[in-house]
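In: Need a 3D model of the following:
(4 chains)
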Amino acid sequence: MRQNNVSAIIDLNEPSDALLPLTQFRPVGTLPFAGRYRLIDFPLSAISNAGIRDVGMFMPRSARSVQDHVRSGDAWNLDSIRGGIFTFPYVANKDYSDPANRRRYYDDYLTFLRKSDSSYTIVIGARNVDNINVQEVQQFHVEGNNPITVLYKRQLPDKVNANEEALNISDAGDVTTIMKASEITPDPVNHMVPMHMGVYFLRTSLLIDLLQNASQREEFIRLPEILHEALEVYNANGYEYTGFYANINTIKRYFDANMAMLDEANYQALLFSQREIFTKNLNEIPTFFSKGSDVNTSLLGTGCRIEGQANHSVIFRRVIIDRSAKVENSIIMQGSKIGPGSKLNYVILDKGVVIGPHLTIEGTPEKPIIFEKNMSVLRASDIKKGVQH
Amino acid sequence: MRQNNVSAIIDLNEPSDALLPLTQFRPVGTLPFAGRYRLIDFPLSAISNAGIRDVGMFMPRSARSVQDHVRSGDAWNLDSIRGGIFTFPYVANKDYSDPANRRRYYDDYLTFLRKSDSSYTIVIGARNVDNINVQEVQQFHVEGNNPITVLYKRQLPDKVNANEEALNISDAGDVTTIMKASEITPDPVNHMVPMHMGVYFLRTSLLIDLLQNASQREEFIRLPEILHEALEVYNANGYEYTGFYANINTIKRYFDANMAMLDEANYQALLFSQREIFTKNLNEIPTFFSKGSDVNTSLLGTGCRIEGQANHSVIFRRVIIDRSAKVENSIIMQGSKIGPGSKLNYVILDKGVVIGPHLTIEGTPEKPIIFEKNMSVLRASDIKKGVQH
Amino acid sequence: MSTEMLAMILAGGQGSRLGKLTKSTAKPAVPFGGRYRIIDFALSNCFNSGVNTVGVVTQYQPLELNAHIQNGASWGLDEKNAGVTVLQPFASREGEKWFQGTAHAIYQNIDYIDLYQPKYILILSGDHIYKMDYEAMFNYHKAKKAALTVGVLPVSMEEATRFGIMNTDETERIIEFEEKPKKPKSNLASMGIYIFNWPTLKKYLVDSYSTDGKMEDFGKDVIPAYLSHNEPTYAYAFHGYWKDVGTIQSLWQANMEFLEPNNELNIGDREWRIYSKNDALPPMYVTKSAKVNNSMVVDGCYVAGDIEHTILSQNVKVGSGTVIKDSMVMPNAVIGKDVTIDHAIIGERAIIGDGASVIGTEDDIAVVGFQEVLGKEVEDE
Amino acid sequence: MSTEMLAMILAGGQGSRLGKLTKSTAKPAVPFGGRYRIIDFALSNCFNSGVNTVGVVTQYQPLELNAHIQNGASWGLDEKNAGVTVLQPFASREGEKWFQGTAHAIYQNIDYIDLYQPKYILILSGDHIYKMDYEAMFNYHKAKKAALTVGVLPVSMEEATRFGIMNTDETERIIEFEEKPKKPKSNLASMGIYIFNWPTLKKYLVDSYSTDGKMEDFGKDVIPAYLSHNEPTYAYAFHGYWKDVGTIQSLWQANMEFLEPNNELNIGDREWRIYSKNDALPPMYVTKSAKVNNSMVVDGCYVAGDIEHTILSQNVKVGSGTVIKDSMVMPNAVIGKDVTIDHAIIGERAIIGDGASVIGTEDDIAVVGFQEVLGKEVEDE
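Out: Okay, here's the model as predicted:
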């Protein structure tokens, strides 16, 4: 019943080039998702639901969106008199040639971990869509043989990229190495590959040792690499996560994961589970569906005005779909406006995009067309401003 | 009655070399003051007491101490549903050679000012100890002839450094230029010089214009310089501040300002005025004065254990003064410990300094000896670790 | 602590004319407009008008109201030395303090009010839907050097017979007050909104309760006393949308008006926002089989049926084959498949079983109470 | 919402044995130890034990208690779907709900408790000074498969005659309960701390109030009923500092014990902190003429006099020439010059004029009430 003696580390410096232009001014962790959330809501909620109150966040280059969203952490009960959010400021990659910056990197982690006085630490990214039961992971870890526990999700090889990381699991069930997905033999029964989720659970004292050892080295080595190495030295317990999972590392994955939420089973399983997904609270008016509007198989935020059609789409708050406009298979972020008569299919609009009247914009399921934040697309010639890759 | 339509800008990047080593890991703005406060509490309280709820803070290189202290801003009512604290990340000085960083500098300010939708803006530093009535300044500004109002405090020339900035005030009462104190003729009656407090009040629309113009220039120019120039172009209304004032720009000033608070009149006037000084709330046990302790003319925080003597000193929370130790004319910051029998006179201990038993450390009123954060001074040979300058 | 004007919201009414809807909750906590509770309007008006200290007086089933208001942060009413306080009956050495009427409720909370030493006190009702700038009324009160200013709404002469009517002279000073006059002389209906100079009001109340104790009600007792003692009492006319939602019929009507895109209340105006306690709920999901027209839907809703000219509140579930028309569904209601709902109000956490019908008419709105279960269990999808 | 164990703190007592100190405030809001109010101990124990949902039941002069507790954030009791709720009397369709006794107060708040669907309920008193890990007691309760576990304190046999005494068998099961026995058979005194299985307790209460309504008090009614119905009822012994501060004498005594550097309560232990609502006050100022020995002083204090074996609470002012010994001064008291105070408790916001004396003895502590003014006005310095 007492709060868990676990602290959490979230590193928001995750590779994001494959998600451009959506990640031009934000890290992967604050990508809007499913009409209401940001990706970082998933790890923060998992942490909060496990009663964890000490969270260290390694801030990305563009920290504004993280600060705006997380604020004092009150949405996740992280503004308590005990614990709270501890942020590590961003250091440009090249600056790690400076030994003072290297030292600060390790010192930040070590200071946080010692201050938390926790027995265990979970290290978790901000790019996964999932709903992890951290208390169950802790239980699994305590009963396991190895000093580190690592999480995996079984997936079919054709659903993953050959270069993505998978776990090599011994017959005894220990995780011995991390390999490319293409190098792992799929399970003979279900034909699946255990994909590395990038989530580690271990004793805080061990993590402190690992960081201290790394700080003695000549070359700079980041926390994910430290854990990767440690896993191969010590072996790890492999905890299988079985719920909804998406690893948002490409535009295609981002698009597909949003579309997957339009499947009612996924919507219910991920968002209405025992373990609530928390996010920043907003004061917004109801969404108005006018006479003659036509909406099907869609998620919508509040504050929208829908006069036209929306079909199989994810629509964030304060979006306007004007009369006889039609949005299909698209993601429309906060505050975007679609002018009368315009047709969108396989399109992603970042926040505040304005689409003028009577335009037709058509992407493909493989390559949706993306319009950057606050862009105006008022005439047909503007459509080429969209990015497709 | 409705909240004032004023926003505030606090730049925490103030010169701090003359305050080393106290400013090694913190900006001037988070220097501990008077046993309980940080310097930034004074501008934040002035802002809060005037009903201002939009505050832009330009963060310093070492942002941790600012974040730890200010948090969500709730101690100053700055965590409301409307407004709040907007932080501008630190950019290393040299990086302003990069046009992208220059652009971001101006954009940050402009975004904040436009978002605040305020009529007026106060620009204020974090290095002053004072208790400004911003509503009175606003009233004064509205009634004045010039588009900018600047604050000054009259001081005797021997209390200021020749190079400090003073205001040149015309016979008509307009501030026309900023000059060195030594260049200004003191008032023939009171022999005082109007010292520039570095606080400006102006229409937000004018500040936006000034920033936009500056952003067009070739060379980089910071906000204080922009305002300095504008003052000379437009002239300014000079608002005379008459309360307690200290501009903390040297160790000597820092030391003297703390000692000044031991004068009961200053203590009452600054800390028990109508305009409360807010600071971060702390949960701390009472201070215990043991049998035989002897404390006089001193300020103390909570959580201390005093067994020895304290005379004319400023003692922060959780300090231990062991039996027969004696502290005089000194500033002892949070968590420091003074061993039995040790004598300190004209000494500044940063946080968490441990002074061993039976040591005598003696600075001078002009040059107190400073010991850095968490330093251990266990034997006589360690005393030379102290800094005196 | 001191504040120039303190507001007291009288939220104590049992609201028995709302029938089943207020069986286990206070009227100000009744949901409205999909996203709000009635008291949100008074609280938001306070914040938007710069009134930062608010007492909410309640004594009837306050659990939901307390849970809604919490520390007032949702409305910006959580500043130091200010904020919102829920005031309930309590016991003192003098005995138990139950509230007997609007003025008596203020009398019983003098200790609370005096904590803030206000010069003025703003009395509000917790069950009206409107947007009003109390600061403008306050400026009027000060300009008129009034002891009491009464907020009044110009109504039609026919309607005037149903209200307390203020008859004024050419300076807007009130010279007579008539409760539901058969032949009204004026059309200025009292909104139950008052600004008093606090020291004067306090004296009237304390004097009364140390003698005959007759100052129970503002309309019946205090205003007549002020008039007979020649206290300067003025009428401040409010022009704008205002609705008392004290009956099933008016509550339904106000919700239907709320649906109108050009509704005078203008809920979307971001310069005068109406705040509420917001939970972080999942986005609404509109399924393949759904049809939603001329309706408002909010977060947490799951809609598989046909929704026409209807408001769905947070976390409402509507099964497929169901048709809902001209209705208001309150939060957390679960409506099964093939249900027919027409001209109805469905209470919070009500459960309407598959195939059930709830049919009202424009003059006789059907009501399903809070947590009421109708028809057979809803099938798990 | 659901929580495994919910705590209910009974903070409703009028505390008339505290005389003037509780004339206008509830007992749990009485200041203690310079920096605390009595209820801080129960609330901090809850947070430290991982109990995150707490109802505080009160009906007597709750203004100060409410202002102190606010939203519970000071004690970490402000989490979503949890937190602290102050429960006061209210009216329902069934009538007005006044609390008649400890068990009746729980009965009246069944709706609140059921919001969280707890399996267990922890009953606490709001007027004890102690540090206790309720989680350890909870583990005991589950291990014993008890329906009720009573927290007991081993006392001396002489003292046992003043308490409710639990007689147990060798398994620690309670077989008999005696209120203030003349010849005690055991030394296990009830602390007024209970863990019940909530469904069972609820059934007992509901059955009682639908028939004879006799389940008013836990000690007098509920425990005997549990024993007579053979419900498994166990005694959990607590070892540590525990003090009921229900009288002037015991309140003074507990404060003096608090001053002892080796006090068993160990207030400085940062592993089990006692939290309180903290205001940001200026540092304490000890003047040239002051002498402070064997005393505790906190922020906001101004000390120019001679303080010996005394606790000064927040914002207390003590003029020069004044001598205070063996006393406890509550927040915001102003003590003039040349005052003599000995063996006394000075109430909140009391004013002691220049030259006045307040002299008690160890057996008859002198008391100055809340806001009481003694002697002539204090001279402005």
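In: got the buried residues for stretch A:75-87?
Out: Using 16 or more other C-beta atoms under 10 Å in any protein chain shown as the burial criterion, the residues of stretch A:75-87 that qualify are A:75, A:76, A:77, A:78, A:79, A:80, A:81, A:83, A:85, A:86, A:87. Just so you know, the C-beta spots here come from the backbone N, C-alpha and C atoms, and that holds for glycine as well.
In: what does stretch A:228-238 give?
Out: Taking 16+ other C-beta under 10 Å as the neighbour-count basis, stretch A:228-238 is seen to contain the buried residues A:228, A:230, A:231, A:234, A:235, A:236, A:237, A:238.
In: do you know how far the fifth one is from residue A:152?
Out: Taking C-beta to C-beta, to the nearest Å as the measure, residue A:235 and residue A:152 are separated by 14 Å.
In: Which residue, other than its chain neighbours, is closest to the closest residue to chain A within the stretch 51-200 of chain C?
Out: Residue nearest to chain A within the stretch 51-200 of chain C: residue C:74 (7.6 Å; C-beta to the nearest C-beta). With C-beta to C-beta, 6 or more residues apart in numbering or on different chains as the criterion, residue C:74 has its nearest non-adjacent residue at 4.5 Å, and that residue is residue C:277.
In: For the one you found, which residues are in contact?
Out: By C-beta atoms under 8 Å, 6 or more residues apart in numbering or on different chains, residue C:277 lies in contact with C:68, C:69, C:70, C:74.
In: among the residues you listed, who's most crowded?
Out: Within those, neighbour counts (other C-beta atoms under 10 Å in any protein chain shown) peak at residue C:69, which reaches 28 neighbours.
In: Spit out the contact partners of the residue in the stretch 1-150 of chain C positioned nearest to chain A.
Out: Here the stretch 1-150 of chain C gets closest to chain A at one residue, residue C:34, 4.0 Å apart by C-beta to the nearest C-beta. In this structure, residue C:34 makes contact with A:286, C:296, C:297, C:298, C:311, C:312, C:313, C:314, judged by C-beta under 8 Å, 6+ apart.
In: Recalculate using a threshold of 7 Å.
Out: For residue C:34, the contacting residues are A:286, C:296, C:298, C:311, C:312, C:313, taking C-beta atoms under 7 Å, 6 or more residues apart in numbering or on different chains as the criterion.
In: Then residue A:70?
Out: When contacts are taken as C-beta under 7 Å, 6+ apart, residue A:70 is in contact with residue A:85.
In: ok, 10 Å please
Out: With C-beta atoms under 10 Å, 6 or more residues apart in numbering or on different chains as the criterion, the residues that contact residue A:70 are A:10, A:12, A:29-30, A:38, A:40-41, A:44, A:55, A:57, A:63, A:76, A:78, A:85, A:87, A:280.
In: now residue C:207
Out: By C-beta under 10 Å, 6+ apart, the neighbours of residue C:207 are C:215, C:225.
In: and it, what helix or strand is that in?
Out: Using DSSP states H and E, residue C:207 maps to helix C:198-209.
In: which other helices and strands contact the helix or strand that that helix is followed by?
Out: Sequence-wise, the next helix or strand downstream of helix C:198-209 (DSSP H and E) is helix C:223-228. Contact partners of helix C:223-228 among helices and strands, from 3 or more C-beta pairs under 10 Å, 6 or more residues apart in numbering or on different chains; DSSP states H and E: strand C:148-154, strand C:164-168, strand C:174-179, strand C:188-197, helix C:198-209, strand C:233-237.
In: Run through the residues that contact the nearest residue to the residue of the stretch 1-150 of chain C closest to chain A once chain neighbours are set aside.
Out: Counting by C-beta to C-beta, 6+ apart, residue C:34 lies nearest to residue A:286, which is 4.0 Å off, once chain neighbours are set aside. Residue A:286 makes contacts with A:302-304, C:33-36, C:258-259, C:267-268, C:284, C:295-299, C:301, C:311-314, as judged by C-beta under 10 Å, 6+ apart.
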